[in-house]
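> Need coordinates for the following:
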Amino acid sequence: MFKRIMLFIVTNLAIIFVLGIVLSLLGVGRILDQQGVGLDLGNLMVFAAVFGFGGSLISLAISKWTAKRLTGARVITSPSSEVEAWLVQTVERQARNAGIGMPEVAIYDAPDVNAFATGMRRNSALVAVSTGLLRAMNRDEAEGVLAHEVSHVANGDMVTLALIQGVVNTFVIVASRVVGHLVDRVVFRTERGHGPAFFITSMVAQMVFGILASIIVFWFSRQREFRADAGSASLEGRDKMVAALEKLRLTAGQPHLPDQMAAFGISGTAGGGLKRLFMTHPPLEERIAALKGGR
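Here you go, the predicted model:
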C-alpha cells in the first residue's frame, strides 16, 4: 500500500516539476502571482489540465509497450503449442462476442497466478496471462479469467481510469497551489511574487491532496473489477468466473504484478481497515459473493 501511495505522489510531483519548468520557460509563471485579490484561476486550470491529463494520456498511449517491458510478455504471433493456440482462439471468440477488435495475446513468465489487459483503444488492446496461471488453472478457470480481461477492454476501463487520473492530477495541481498562494499571502504577508512559504506549503499540500485523491482512483478501480467479473459471467458463465476466483483465493500471498500495473491484474493484495481504501481490487470473498448474488 505504501509503495502504491508513494508512486501516486511521486508521479504528481513530477508533473508539477515539469509544469513549473515549462511555465518558467514560457514566461507565464506570473499566472500564479497575485492579481487583484487572488490567482488567475482560469489560466491555472488550463495549465493544470494540460499537464494533469497529459501525463495520464501519455501513460495510456504507451501502456502496451510499458506492460510488455515490465513483465517481459511475449506476444503470440504464431502459436507454437496447443496451449498457445487455445489461448488465441479463446480470446478471439470472447472478443468477437464482446464486440471488440482482436487484442494481442501474450504470455509472461511469472510464478503468480495472474493476468492483465491494457491498451489505449478497445480495438487494439493487449491481454496477457502468466505462466503461473496456465500451470495452476484448468481450462474453465482460465477462460473465466480471460473473459474478465476481455470485459475490461470492452468496458473501456483503461481509458476511463486514465481520465479519472487526469481529473485527479488536475485537482491536485490546482488545489496545492491555491493553498500555497493563500498561506503565502495571508499568513506570511508576501506582497510580490512568491516566497519560500508558497513552495513549501504547495509541496506539503501536494502530498496531502495526493493521498486523498488517490482514494477516489482506487475506489473506481475496485468497482471496475466487479463490472469485469460480471462481464466474464456474461461471456463464459458465472460458474467459470467463480471457480477462477476460488482458485485465486487459494494462491493468495503470492507475488503480484509491478506496482505500476497493479490495477490491471486479475487479483490484488488483501487488506482491511484503512488499507482497504488503497486497494486496487476488492477482496476475493466479496467478488465471489457478488457473482453468486447476481451482482
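> where does the nearest residue to residue 97 once chain neighbours are set aside fall, helix, sheet strand or coil?
Leaving aside its sequence neighbours, residue 97 sits nearest to residue 235 (Cβ to Cβ, 6 or more residues apart in numbering; 5.8 Å). Where you see a C-beta, it was placed from the backbone N, CA and C, and this is true even at glycine. Using DSSP: H, G, I helix; E, B strand; the rest coil, the three-state assignment for residue 235 comes out as helix.
> in the chain, which ranges drop under the pLDDT threshold?
Residues of the chain that meet the criterion pLDDT under 70 lie in 1-41, 190-194, 252-256, 259-260, 262-264, 267-273, 294-295.
> how about the helices in it?
2-26, 41-61, 63-71, 82-98, 131-136, 139-155, 157-182, 196-236, 238-250, 284-292 (DSSP state H).
> Let me know the angle separating the third one from helix 157-182.
The directions of helix 63-71 and helix 157-182 differ by 90 degrees, with axes from the mean of the first three to the mean of the last three Cα atoms, to 10 degrees as the criterion.
> Quick check: which helices or strands does helix 63-71 pack against?
strand 104-108, strand 115-121, strand 124-130 (3 or more Cβ pairs under 8 Å, 6 or more residues apart in numbering; DSSP states H and E).
> Of the ones you listed, which is nearest residue 178?
strand 115-121 (32.0 Å; Cβ to Cβ).
> Quick check: residue 128 touching residue 119?
No - with contact defined as Cβ atoms under 8 Å, residue 128 does not reach residue 119; the gap is 10.8 Å.
> okay, the two: which has more neighbours?
residue 128 (30 against 21; other Cβ atoms under 10 Å).
> give me the beta-bridge partners of that one?
Applying DSSP bridges to residue 128 gives these bridge partners: residue 106, residue 116.
> which ones are touching it?
The contact partners of residue 128, taken as Cβ atoms under 8 Å, 6 or more residues apart in numbering, are 67, 71, 73, 105, 106, 107, 108, 115, 116, 117.
> 7 Å - rerun?
67, 71, 73, 106, 107, 108, 115, 116 (Cβ atoms under 7 Å, 6 or more residues apart in numbering).
> cool, and residue 153?
100, 103, 117, 119, 122, 125.
> again, only this time at 6 Å
By Cβ atoms under 6 Å, 6 or more residues apart in numbering, the contact set of residue 153 is 100, 117, 122, 125.
> Quickly note the distance from the nearest residue in space to it that is not next to it in sequence to residue 65.
Of all residues not flanking residue 153 in the chain, residue 125 sits nearest, at 4.3 Å (Cβ to Cβ, 6+ apart). Per Cβ to Cβ, to the nearest Å, residue 125 is found 13 Å from residue 65.
> Please apply the same query to residue 47.
Look at residue 47 and residue 65: by Cβ to Cβ, they are 28 Å apart.
> Same check on residue 180?
36 Å.
> With residue 110 instead?
From residue 110 to residue 65 the distance is 18 Å (Cβ to Cβ).
> Look at these two and report which has more neighbours.
Neighbour totals were compared for residue 110 and residue 65, and residue 110 leads with 20 against 11 (other Cβ under 10 Å).
> contacting residues around residue 106?
So residue 106 contacts 73, 74, 75, 128 (Cβ under 6 Å, 6+ apart).
> Just the buried ones from those residues?
73, 128 (16 or more other Cβ atoms under 10 Å).
> Tell me the one among the contacts of residue 106 nearest to residue 95.
residue 128 (14.2 Å).
> before we move on, back to that, of all the helices and strands packed on helix 63-71, which lies closest to residue 163?
Among these, the nearest to residue 163 by Cβ to Cβ is strand 115-121 (11.8 Å).
> Now do the closest one: which elements does it pack against?
Judged by 3 or more Cβ pairs under 6 Å, 6 or more residues apart in numbering; DSSP states H and E, the packing partners of strand 115-121 are helix 63-71, strand 124-130, helix 139-155.
> Show the end-to-end separation of stretch 126-142, please.
Terminal residues of stretch 126-142 lie 16 Å apart, using Cα to Cα, to the nearest Å.
> Let me have the contacts of residue 128 in a markdown table, extended by distance to residue 173.
Output for the contacts of residue 128, formatted as a markdown table (distance: Cβ to Cβ, whole Å):
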| residue | distance to residue 173 |
| --- | --- |
| 67 | 27 |
| 71 | 31 |
| 73 | 33 |
| 106 | 35 |
| 107 | 39 |
| 108 | 35 |
| 115 | 34 |
| 116 | 29 |
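> Can you pick out the most distant pair from these?
For the contacts of residue 128, and using Cβ to Cβ, no pair is farther apart than 67 and 107, which are 12.6 Å apart.
> what about those two, which has more around it?
The neighbour count for residue 67 versus residue 107, taken as other Cβ under 10 Å, is higher for residue 67 (24 against 21).
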